[in-house]
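> sequence unknown, structure follows:
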């Protein structure tokens, strides 16, 4: 390998850098440093290497790198550079300088004795040190690589955000399955995949790895959504509809599921206040007076929503989609299983989304609660001894 007079290797990158011929347009040295810092991974540079370059640029008196008069050469001594780097060891500083030269970002202009200095001859001056010409000559290259780095960074940020939302949706579906559809179990492999992706997000990942995770989660979510789809009960009989109209005019304490909110799936049966209060007794313990009508139930739900982590804005959206009565029933049912619902706000958001699509009714929630309570009672009964 060819070497310089002071035994420094003459690499291909160094030879290429010395051939750089920038145009005569002055280039901001800080713009060049900023673009190079953004694209530092493409050149294998560390933040400490860039700190050394920044200190070196600070010795250049002008804010621009201009070759109209003489080459832009910095001839600061090693001691002066280390002092400007807050006492960085000289050996460390020289190693980073060598890395900048090796990458072709600086050119060494050695004096006859290898020292860095500037000698003046009347109005002329001759300097020996580090030539900043490559920073001006390769600015367009820095900008191109910096744009690529920004695009990659934005892509990674977008994918990480997408994965976070997908993991949240997966947790919501798991909670919904555990609460409303006990006959559908979430496979262990799904939980393992979720935990693996959640742990990997703590590290820095490339966009390719994140895309692979997103594809895997997308397939799992699509499969779970198809399994957890609520049954369609739109084809109710004519006789049921007549009975519903008759009961609506005679029972003021009954909730007409079809009339409460248009986005809900029409129900062939009625939802009575007695059924709600007998199934969801927890909400009654938060009311000063016994709940005797729908208005009291709705007022209690309005008061309890913020207490379980549901914001006022989210609760207003839920009420606007479901209607006040249906939203109150949902919140009363959630109180019965609050210890197993990891995120009440996320769980309610899922139900609201299904209600907006016309695929939700609180009846399955109440039936699931009733079945669980009856199962719990039977499991606690003592066994009878025979004989």
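Perfect, I can see it now. Since this is a predicted model, take the numbers as computed values, not measurements.
> what's near enough to touch residue 31?
Counting by CB atoms under 8 Å, 6 or more residues apart in numbering, residue 31 touches residue 139. C-beta here means a position set from N, CA and C on the backbone, and glycine is covered the same way.
> Return the distance of it relative to residue 107.
Separation of residue 31 from residue 107 (CB to CB, to the nearest Å): 20 Å.
> same check, this time on residue 89
Between residue 89 and residue 107 the computed distance is 24 Å (CB to CB).
> between the two, which one's more packed in?
Neighbour count, other CB atoms under 10 Å: between residue 89 and residue 107, residue 107 has more, with 19 against 10.
> so the more buried one touches residue 133, yeah?
Yes: contact criterion CB atoms under 8 Å: residue 107 and residue 133 qualify, at 6.3 Å.
> May I see the buried residues of stretch 103-121?
Across stretch 103-121, burial judged by 16 or more other CB atoms under 10 Å covers 103-109, 111, 116.
> Narrow these to those in strands?
107-109 (DSSP state E).
> Count the residues that sit near the closest residue to residue 207 other than its chain neighbours.
Sequence neighbours aside, residue 155 is the residue nearest to residue 207 in space, at 4.6 Å (criterion: CB to CB, 6 or more residues apart in numbering). Using other CB under 10 Å, residue 155 has 15 other residues around it.
> Pretty sure residue 155 sits against residue 209.
No: using CB under 8 Å, residue 155 and residue 209 do not qualify as a contacting pair, with a distance of 11.8 Å.
> For the top strand by length along the chain, what is the distance to the chain centroid?
Ranked by residue count and defined by DSSP E, the top strand of the chain is strand 124-131. Taking CA atoms, centre = their mean, to the nearest Å, the mean C-alpha location of strand 124-131 is offset from the chain mean by 50 Å.
> Okay, now the unreliable bits of the chain?
Where the chain drops to pLDDT under 70, the residues are 1-24, 67-69, 175-186, 228-270, 373-387.
> That one: strands as residue ranges?
Counting by DSSP E, the chain has strands at residues 27-28, 64-65, 73-74, 107-109, 117-121, 124-131, 254-255, 271-272.
> returning to what we had before: the longest strand of the chain relative to strand 117-121, how many degrees between them?
Interaxial angle, strand 124-131 versus strand 117-121 (axes from the mean of the first three to the mean of the last three CA atoms, to 10 degrees): 160 degrees.
> Let me know how buried residue 339 is, in neighbour terms.
Neighbour count for residue 339, taken as other CB under 10 Å: 6.
> Same question for residue 295.
Other residues near residue 295 come to 12 when the count uses other CB under 10 Å.
> same check, this time on residue 62
Around residue 62 there are 10 residues (other CB under 10 Å).
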